[in-house]
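K.L.:
Prediction below, plus the sequence it came from.
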Amino acid sequence: MKAEEDSQVESESPSDVKQRIHQRYREQAILAVRGQLGYQPAVKSVYSKSASPKFCHKIEFK
């Protein structure tokens, strides 16, 4: 099975590989713009030290 995958990769021309890479990049860019891909803040466990109220700082500008 691995040999079949290797032969398929070798038969692709450089322009086909480049086109496939660009297509994948475009798909990821669309997902990022829609907010479906990108930075996701960590969900803290209630048992975590950093989840205690003393770490909930609020910055106020006056």
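P.N.:
Cool, the structure landed.
K.L.:
Next, count neighbours for residue 37.
P.N.:
13 (other C-beta atoms under 10 Å). Backbone N, C-alpha and C define where each C-beta goes, glycine included.
K.L.:
name the element it belongs to?
P.N.:
Using DSSP states H and E, no element contains residue 37; it sits outside every helix and strand.
K.L.:
Now it. Nearest residue, chain neighbours left out?
P.N.:
Spatial nearest neighbour of residue 37, chain neighbours left out: residue 31 (3.7 Å); criterion: C-beta to C-beta, 6 or more residues apart in numbering.
K.L.:
okay but the one you found is in contact with residue 25, surely?
P.N.:
No. Between residue 31 and residue 25 there is no contact under C-beta atoms under 8 Å: 10.9 Å.
K.L.:
roughly how far apart are residue 37 and residue 22?
P.N.:
In this view, residue 37 and residue 22 are 17 Å apart by C-beta to C-beta, to the nearest Å.
K.L.:
brain fart, residue 31
P.N.:
Separation of residue 31 from residue 22 (C-beta to C-beta) stands at 15 Å.
K.L.:
No further questions, thank you.
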